[in-house]
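Participant: this is a predicted model, with the sequence first.
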Amino acid sequence: MSEKIIKRAGEVIAEKINNSAQNFCTLALINTDGYPYTTTISIKKADGIRWLILTTGKSAKTDMIERCNKASICVNAAEYHIALTGTIELLTDPDVKKELWNDNMKEYYSGWDDPNYCVLKFTTERYSLLVDWQEARGSLT
């Protein structure tokens, strides 16, 4: 049963990525004072619930990630609740940054090589899912 729910949760995330007006999630980090910090961020790419790729600007949150790589992501709506816990890292590979770049980002960054343009990779370790009124909890590691 869990495999079916995990697969469906991955499909929900893929649907969000394909809908640029709805492709966001919440990202929770640990701030430099050791307290939770939550922000909204866009999902750009995913492999089901195994990993998600996000883009953002260099800011306090990237400083937090460099200090503590523990994170949580929540994707939710009235029909589903997808809570993922794991680790997050900054990706610096120029090919990845180029691949995820789009012209809508020109409003915020000068180009894919702008040092303020950051790509993040979240890797799931544990999940708590409620999708299609079915629940699943567990670990991917």
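Facilitator: Nice, thanks for sending it over.

Participant: what residues sit buried inside the strand ranked longest in the chain?
Facilitator: Ranked by residue count and defined by DSSP state E, the top strand of the chain is strand 117-131. By neighbour count on 16 or more other Cβ atoms under 10 Å, the buried set for strand 117-131 is Tyr117, Cys118, Val119, Leu120, Phe122, Thr123, Thr124, Tyr127, Leu129, Leu130, Val131. C-beta coordinates here come from the backbone N, C-alpha and C atoms, glycine included.

Participant: any stretches of this structure with poor pLDDT?
Facilitator: Along the chain, the parts satisfying pLDDT under 70 run over 1.

Participant: list of residues touching the longest helix along the chain?
Facilitator: Counting residues, the longest helix found in the chain (DSSP state H) is helix 2-18. Residues from elsewhere that reach helix 2-18 (Cβ atoms under 8 Å, 6 or more residues apart in numbering): 22-25, 43-49, 52, 75, 80, 82, 127, 129, 131-132, 134-136, 138.

Participant: go again using 6 Å as the cut-off
Facilitator: By Cβ atoms under 6 Å, 6 or more residues apart in numbering, the residues outside helix 2-18 that reach it are 22-23, 43, 46, 48-49, 80, 82, 129, 131-132, 134, 136.

Participant: among those, who's most crowded?
Facilitator: Taking other Cβ atoms under 10 Å as the neighbour criterion, Ile82 ranks highest of the contacts of helix 2-18 with 25 neighbours.
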